[in-house]
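Undergrad: any chance you can model this:
(chains A and B)
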Amino acid sequence: GQQLNQSPQSMFIQEGEDVSMNCTSSSIFNTWLWYKQDPGEGPVLLIALYKAGELTSNGRLTAQFGITRKDSFLNISASIPSDVGIYFCAGQRGAQKLVFGQGTRLTINP
Amino acid sequence: NAGVTQTPKFRVLKTGQSMTLLCAQDMNHEYMYWYRQDPGMGLRLIHYSVGEGTTAKGEVPDGYNVSRLKKQNFLLGLESAAPSQTSVYFCASSDRGGREQYFGPGTRLTVT
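TA: Residues are numbered from 1 along each chain as shown, chains lettered A, B, ... in the order given. Coordinates of the predicted model:
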């Protein structure tokens, strides 16, 4: 099945640093979603994007829907320990099912 | 609202045994989904439903069956468990249009 390419696969940063991750596809999507998964929990929706070029924030998180509609970016500013987890992107075309990336594992050193 | 709940949280099966995983949602969502999550593979769709009484195959349906007899419940069945079905299973639901999916806490299944 189709997969999204999410990078980086893992990140090791210092507390207070900014974080950037992205998701790319060979196909066009008209919806991009970003989820966070804590250990032992289900993914939690962070941000939803519906228009090419759209930039949406949720607290210290900012996500953008790429102009080409084939990519999306998530930035986290001034990271804190509770940002640790796995971040997933997901894309959708029309009424089709969501396609998920493999995830970016974020580790923060205090 | 409890959102999406799943039972059980953990289960160990022997090869060939059967079991049913239950998913319930209280958001009146039309769409429901079952995923499995394996290390390095992200989330893969097993089966989904776009309404009461309907089911459809996802990306990895083999070895699983589902039923949606009530709008709020979506059941995932394993008729004859295999070690390859060792995984974490997540249920999700969304409103009509299926964009913003909300996930349950997961069921960790081990097949020995």
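Undergrad: ok, which residues in chain A are in contact with chain B?
TA: Proximity of chain A to chain B, by C-beta under 8 Å from any C-beta of the partner chain, involves residues A:1, A:3, A:6, A:31, A:33, A:35, A:40-45, A:48, A:50, A:88, A:90, A:92, A:95, A:97-98, A:100-103. All C-beta spots, glycine's among them, are computed from the backbone N, C-alpha and C.
Undergrad: repeat the analysis, applying 10 Å as the threshold.
TA: A:1-4, A:6, A:9, A:30-33, A:35, A:37, A:40-45, A:48, A:50, A:86, A:88-90, A:92, A:94-103 (C-beta under 10 Å from any C-beta of the partner chain).
Undergrad: out of these, which end up buried?
TA: A:4, A:6, A:30-33, A:35, A:37, A:42-43, A:45, A:48, A:86, A:88-90, A:92, A:97-103 (16 or more other C-beta atoms under 10 Å in any protein chain shown).
Undergrad: show me what residue of chain A gets nearest to chain B.
TA: A:Gly42 (3.6 Å; C-beta to the nearest C-beta).
Undergrad: tell me the SS of that residue?
TA: coil (DSSP: H, G, I helix; E, B strand; the rest coil).
Undergrad: next one: A:Leu46
TA: strand.
Undergrad: wait, it touches A:Gly59, no?
TA: Yes: shown here, A:Leu46 and A:Gly59 form a contact pair, counting by C-beta atoms under 10 Å, at 9.3 Å.
Undergrad: tell me, what's touching these two both at once?
TA: A:Ile76 (C-beta atoms under 10 Å, 6 or more residues apart in numbering or on different chains).
Undergrad: who has more neighbours, these two?
TA: A:Leu46 (18 against 8; other C-beta atoms under 10 Å in any protein chain shown).
Undergrad: residues contacting the more buried one?
TA: A:33-36, A:56, A:58-59, A:61, A:63, A:74, A:76, A:87-88.
Undergrad: switch to 6 Å and redo it
TA: A:34, A:36, A:58, A:61 (C-beta atoms under 6 Å, 6 or more residues apart in numbering or on different chains).
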